[in-house]
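Colleague: This is a predicted model, with the sequence first.
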Amino acid sequence: MDDLLKPVNHEYTEDQIQVLEGLEAVRKRPGMYIATTSEKGLHHLVWEIVDNSIDEALAGICDRIIVTVTKDNEIIVKDNGRGIPVGIHHKTGVSTVQTVYTVLHAGGKFGGDSGYKVSGGLHGVGGSVVNALSSKFEVWVGHEGKMHYMSFSNGGHVDGPLHIIGDTDYRGTTVKFKPDPTIFTETTTFNYNTLKERFKQLAFLNKGLTIELIDEREEPNLHDSFLYEGGLKQYVEFLNSTKTAIHPDIIYCEETYNEPAKEGQDAFAMEVEIAVQYNDTYQPNVYAFCNNIFTPEYGTHEEGFRLALVREINKYAKDKKFLKENDDNLTADDCREGITAVVSVKHPNPQYEGQTKTKLGNSEVKPIVNKIFGDCLSRFLQENPDEAKTIVEKAMLAAKGRIAAKKAREQTRKSAMGISTLPGKLADCSNRDPELCEIFIVEGNSAGGSAKDGRNRQFQAILPLRGKIINVEKARQEKVLDNKEIGTMISAFGTSFGPEFNIEKLRYHKIVIMTDADVDGAHIATLLLTFFYRYMKPLVENGHVYLAQPPLYKVQYNKNVQYAYSEQQMDEIRKTIPENAKPLIQRYKGLGEMDPQQLWETTMDPNNRVLLKVTLDDAIEADRTFDMLMGEEVEPRKEFILTNAKFVKNLDI
Ligand code: 1YM
């Protein structure tokens, strides 16, 4: 781009040309800096700018951040921190504001690497990348009674230097940007819910910080405000609000660890905050964060936490004679059944490892968390004997369940050693290449019959479900395994389950849940999804699970036959029916009402059908949602299956 190098208002120096080349590199390969230019990448821009405000909050100076989505899908982030320094930066010769937003990686690092400054941002790319990917970018800094302003256009071209535009009482930094539609070609529309969920989480993780969100695209404007004085204590309360806690008090610690300077290593400070409460389910929910970033692959902070948890529970159980001297120790899994825990550390120099770079690698973190949480838990158990008893007994029950489940698994394996391991109800396909094979899990006998007759036997297998599927959210593992329908699915898939789950053995790469388009069907689908999510998570993570979409209506007139899959589609079809035609409109109440040919045409034929792919974008929300869905109320379940885009993505196949 030639005009890139054209001066705007002032001459470019050698340094500034380099700067523009840097920003141009970001525009050429945005994926290197924000991983994706999809909707996810679009939101990443907001996180980057907000991260700078959060850093200021961590420094103890800013306590309020307001984020606004304008009518034009621009973002305004306003904080009440010190304001980015307004003076000339000694290295670049231009204002620090301009430096922060034009020099790559200039972000948080400019304050000097004191070892006390914590910085978030998954990639730490900072504001300059956001500027590079914006068609318009503006900054206001309120400092010592004056409002300073500067703006950039078309990917970081300076419109003019930082200058004073008037007097103000405001102290802080405000940034407004418009993502460049030529970069974000998929979408430039911000999702209110995505923003809201993240800001709520950030407010939990940074106690005392108020984060407000305003959406001006809606009339009246949408508005949410988050402030949690209790920090992670309130986070755990919130996560457990869909469950039943088994003890009243939350185990909680918050401590700053100071490491003095040693040979070859600077002094550093690290913050540890942990909250724990057990509930009456059997699932462990441990969420770990470093510098406000979720680390689903865990790492040294979670290792330290887990060590302390197991050690202190065993110590207490032996001390108080719940366990006899010679009894086996409780395992980590025993101690985590029904736990809800949030572990958050703030570290000046985090190192990430793992497949998705979300595993904390710093080895010094493990003993620090181990010590801090160990002391905290030990004190809690000593001071709260009733609650301690509840927790130890829960872990001992888990141990019993673990031993019983192991026996049950051995049984299943033994019985599966025989030749005919496939369940009798399964109508298998003839192809043996898993990549090409599909299995339809069908509710009800008559639908199962139609599906068997209508399918393409080469690559489509049918597994009709007869009995009830157990709600795995409310049952122990051995009970789950006792359930016939579940056992049938496990042997049909070929993968085993739980810790022994092996995706390589999966016999069908598409697992299609086919239930009636009513509340009962939605319930069965949800029970199945919950089972997959809890016991065969990689199936969902790797995108093997789908929901079939049977039509709601059949419209017939003259020789014309059409199917409608939604009320909206039905309305559209109605409009196309000629006036004098006498249409026959049939509403399908269940899959069973369709003959094999119709079922094939509308729901199973890869050329016509619409499958919904089940996805998992947000694991924490997913856990809560499954709890919610498995509660007593029917309506939210129906709502979930029919509309929840968080799990279910539309996909035409
Ligand atoms: C809406 C975005 O960027 N706030 C913000 C940024 C900075 C400071 C305060 C700040 C930091 C320091 C000293 C320091 C930044 N400053 C820099 C740099 N909000 C937003 N608020 N004084 C002010 O880290 O020591 C980078 S970000 F490098 F210039 F100091």
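Modeller: That came through, no problem. Numbering: from 1, shown residues only.

Colleague: does the residue in the chain sticking out farthest from the centre sit in a helix, a strand or a coil?
Modeller: The centre of the chain is farthest from one residue, residue 580, which by C-alpha atoms, centre = their mean lies 52.6 Å away. Under the three-state scheme (DSSP: H, G, I helix; E, B strand; the rest coil), residue 580 adopts coil.

Colleague: cool, and residue 522?
Modeller: Classification of residue 522 using three-state DSSP returns helix.

Colleague: and it, how many neighbours does it have?
Modeller: By the criterion of other C-beta atoms under 10 Å, residue 522 has 21 neighbours. In this view, the C-beta of every residue, glycine as well, is placed from N, C-alpha and C.

Colleague: How much space separates it from residue 546?
Modeller: 15 Å (C-beta to C-beta, to the nearest Å).

Colleague: What parts of the stretch 51-200 of the chain come near the ligand?
Modeller: Within the stretch 51-200 of the chain, the positions adjacent to the ligand are 52-53, 56, 77, 79, 81-85, 96, 100, 107, 110-111, 173, 175 by C-beta under 6 Å from any ligand atom.

Colleague: now the stretch 151-300 of the chain, which segments are flagged as low pLDDT?
Modeller: For the stretch 151-300 of the chain, no stretch is flagged by pLDDT under 70.

Colleague: Next up, phi/psi of residue 163, please.
Modeller: phi -150, psi 160 (degrees, to the nearest 10).

Colleague: can you pull the contacts of the closest residue to it other than its chain neighbours?
Modeller: Distances taken as C-beta to C-beta, 6 or more residues apart in numbering put residue 149 closest to residue 163, at 6.5 Å, once the chain neighbours are dropped. By C-beta atoms under 8 Å, 6 or more residues apart in numbering, the residues touching residue 149 are 138-141, 162-165.

Colleague: Residue 149: helix or strand, and which one exactly?
Modeller: If you go by DSSP states H and E, residue 149 is part of strand 146-153.

Colleague: which neighbours does that strand have in its sheet, and in what orientation?
Modeller: strand 134-143 (antiparallel), strand 157-158 (antiparallel), strand 163-167 (antiparallel) (DSSP bridges).

Colleague: Convert the C-alpha atoms of the longest one to PDB, please.
Modeller: Provided in PDB are the C-alpha atoms of strand 134-143 (Å, rounded to 0.1, in the frame of the first residue of the first chain):
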ATOM      1  CA  SER A 134      -9.200  -0.900  13.300                       C
ATOM      2  CA  SER A 135     -10.500   1.500  10.700                       C
ATOM      3  CA  LYS A 136     -10.800   4.200  13.300                       C
ATOM      4  CA  PHE A 137      -9.100   4.300  16.700                       C
ATOM      5  CA  GLU A 138      -9.300   7.200  19.200                       C
ATOM      6  CA  VAL A 139      -7.800   7.900  22.600                       C
ATOM      7  CA  TRP A 140      -8.700  10.400  25.300                       C
ATOM      8  CA  VAL A 141      -6.500  10.800  28.400                       C
ATOM      9  CA  GLY A 142      -7.700  12.900  31.400                       C
ATOM     10  CA  HIS A 143      -4.600  14.000  33.300                       C
END
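
Colleague: And for it, what's in contact with it?
Modeller: So strand 134-143 is contacted by 45, 74, 82-84, 86, 97, 101, 130-131, 147-156, 162, 168-182 (C-beta under 8 Å, 6+ apart).

Colleague: try 7 Å this time
Modeller: Contact with strand 134-143 is made by 83-84, 86, 97, 101, 131, 147-154, 168, 170-180, as judged by C-beta atoms under 7 Å, 6 or more residues apart in numbering.

Colleague: Of those, just the buried ones, ChimeraX syntax please.
Modeller: Here is the ChimeraX selection string for the buried members of the contacts of strand 134-143, based on 16 or more other C-beta atoms under 10 Å:
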select :83,84,86,97,101,131,147,148,149,150,152,153,154,168,170,171,172,173,174,175,176,177,178,179,180
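
Colleague: Fine, thanks again, bye for now.
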